[in-house]
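Visitor: After the sequence you'll find the predicted model.
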Amino acid sequence: AQSVTQLGSHVSVSEGALVLLRCNYSSSVPPYLFWYVQYPNQGLQLLLKYTTGATLVKGINGFEAEFKKSETSFHLTKPSAHMSDAAEYFCAVSDSFSGGGADGLTFGKGTHLIIQP
Amino acid sequence: EAGVAQSPRYKIIEKRQSVAFWCNPISGHATLYWYQQILGQGPKLLIQFQNNGVVDDSQLPKDRFSAERLKGVDSTLKIQPAKLEDSAVYLCASSSRGGYGYTFGSGTRLTVV
């Protein structure tokens, strides 16, 4: 069974500082990995995804993540935090991709990112 | 392209009542998912459809939850009877054949009192 662990339910950074949100996964097969952002009372928006190929993945809004198989990690980073980045962030994994479409995602519990002015 | 549409946005019911949620996926997306997101937790997959067939419903509480996807397009999720612990946001998502991305709707927030 696959699982996702997000370290830190709340992360607080100053505006302009580095953002680092941690995600570790377990999967019996090469995983597909995702980061989603959720703003209050809204659905989930895809930030970035890793499927195959380059392990450093760039996403929207200046975010990027690196797939490290040896560490079973997929941490999310952004060099300089902006006030608008304050939201809930979810890491998710899918360990299969059946021919008809992607399989369901297993999500972590989320990390609430707080930006201090 | 239009996004995943869900309705209603909010619903308040009393325990033991029934409720239904509706989802219209992105046109052409063969795969549709329903997730339950309890406050403070990540979404949990309830059921996955491929066209109008069920691929995975292992986490669906079948004694009270049911879902269908007529003609492989729209889908409805029903709860009957509702319990207090069903209070959550119900998210619908869809994905296309060969697509690694899922598109989520805005969700339906259910409060059971």
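Guide: Cool, the structure landed.
Visitor: Give me the distance between A:T51 and A:F34.
Guide: Using Cβ to Cβ, to the nearest Å, we find A:T51 at a distance of 9 Å from A:F34. Quick note: C-beta positions are derived from backbone N, CA and C, even for glycine.
Visitor: I meant B:L32, not that one.
Guide: In terms of Cβ to Cβ, B:L32 sits 18 Å off from A:F34.
Visitor: So which bits of stretch A:6-19 are buried?
Guide: In terms of neighbour count (16 or more other Cβ atoms under 10 Å in any protein chain shown), stretch A:6-19 has its buried residues at A:Q6, A:V11, A:V13, A:V19.
Visitor: need those residues in CSV with secondary structure and distance to chain B, can you?
Guide: Formatted as CSV, these follow (DSSP: H, G, I helix; E, B strand; the rest coil; distance: Cβ to the nearest Cβ, whole Å):
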residue, secondary structure, distance to chain B
A:Q6, strand, 8
A:V11, strand, 15
A:V13, strand, 21
A:V19, strand, 19
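Visitor: of all the residues you listed, which comes closest to A:Q38?
Guide: If you rank the buried residues of stretch A:6-19 by distance to A:Q38 using Cβ to Cβ, A:Q6 comes first, at 13.0 Å.
Visitor: immediately after the helix or strand encompassing B:A20, which helix or strand?
Guide: Assigned by DSSP states H and E, B:A20 belongs to strand B:19-24. Going down the chain from strand B:19-24, the next helix or strand is strand B:31-37, by DSSP H and E.
Visitor: Give me the pLDDT for B:E1.
Guide: On pLDDT, B:E1 comes in at 62.
Visitor: How about B:C23?
Guide: Looking at B:C23, its pLDDT stands at 97.
Visitor: on that earlier part again, the strand holding B:A20 and chain A in contact?
Guide: No - under the criterion of Cβ under 8 Å from any Cβ of the partner chain, chain A is not reached by strand B:19-24; the shortest gap measures 11.4 Å.
Visitor: Please work out the angle formed by the directions of that strand and strand B:31-37.
Guide: Using axes from the mean of the first three to the mean of the last three Cα atoms, to 10 degrees, one finds that strand B:19-24 and strand B:31-37 are set 140 degrees apart in direction.
Visitor: Pass me the low-pLDDT residue ranges in chain B, would you?
Guide: Low-confidence segments of chain B (pLDDT under 70): B:1, B:97-101.
Visitor: Same question for chain A.
Guide: Within chain A, the stretches with pLDDT under 70 are A:96-102.
Visitor: count of neighbours near A:A87?
Guide: When neighbours are defined as other Cβ atoms under 10 Å in any protein chain shown, A:A87 has 20 of them.
Visitor: Bridged to it, which residues?
Guide: Note on A:A87: beta-bridge partners A:L113, judged by DSSP bridges.
Visitor: residue closest to the middle of the chain?
Guide: This is for chain A. Geometric centre of chain A, nearest residue: A:W35, 2.9 Å, by Cα atoms, centre = their mean.
Visitor: sorry, should have said chain B
Guide: Centre-nearest of chain B using Cα atoms, centre = their mean is B:W34, 3.1 Å out.
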